[in-house]
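Asker: just coords:
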């Protein structure tokens, strides 16, 4: 379940954005990214947390720290995910949370 993520630099406000390809296209269409913005890099990742780890490595930032603690996927696929973060399992995708 690889998704493309892109890193964009917007010279208009000196911002750096890293997001999924779909989200970047939405930001361009809504004018959130200016016409002066350009793509610096693109890569593929299986989850938001993995994408942020890659982004931090490529930008020379400190290591990314996901929100909350990892847990085993409730689908018993053997992978860990971050329910307090993206809630996205690298193998199964978004995990629906049930609240009791």
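Answerer: Received, thanks. Bear in mind that the values here come from a model prediction, so they are computed numbers and not experimental data.
Asker: how many other residues sit next to residue 23?
Answerer: Counted by other Cβ atoms under 10 Å, the residues lying close to residue 23 total 14. All C-beta spots, glycine's among them, are computed from the backbone N, C-alpha and C.
Asker: Doesn't it lie inside a helix?
Answerer: Yes. Assessed with DSSP: H, G, I helix; E, B strand; the rest coil, residue 23 lies in a helix.
Asker: elements contacting the top helix by length along the chain?
Answerer: Scanning the chain for the longest helix, with DSSP state H as the assignment, gives helix 48-59. Counting contacts by 3 or more Cβ pairs under 8 Å, 6 or more residues apart in numbering; DSSP states H and E, helix 48-59 is packed against strand 3-10, strand 15-20, strand 37-45.
Asker: Turn those strands into JSON lines, including mean pLDDT, mean neighbour count and distance to residue 53.
Answerer: JSON lines is the format used below for the helices and strands packed on helix 48-59 (pLDDT from 0 to 100; neighbours: other Cβ atoms under 10 Å; distance: least, Cβ to Cβ, whole Å):
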{"stretch": "strand 3-10", "mean pLDDT": "96", "mean neighbour count": "18", "distance to residue 53": "11"}
{"stretch": "strand 15-20", "mean pLDDT": "95", "mean neighbour count": "16", "distance to residue 53": "11"}
{"stretch": "strand 37-45", "mean pLDDT": "96", "mean neighbour count": "15", "distance to residue 53": "8"}
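Asker: Low-confidence regions, this protein specifically.
Answerer: 97-100 (pLDDT under 70).
Asker: Distance check, the residue nearest to residue 71 when sequence neighbours are not counted against residue 59.
Answerer: Leaving out its chain neighbours, the residue that sits closest to residue 71 by Cβ to Cβ, 6 or more residues apart in numbering is residue 83, at 5.8 Å. Distance from residue 83 to residue 59, counting by Cβ to Cβ, to the nearest Å: 26 Å.
Asker: the more surrounded of these two?
Answerer: In this view residue 83 and residue 59 are compared by other Cβ under 10 Å, and residue 83 has more residues nearby, 17 against 12.
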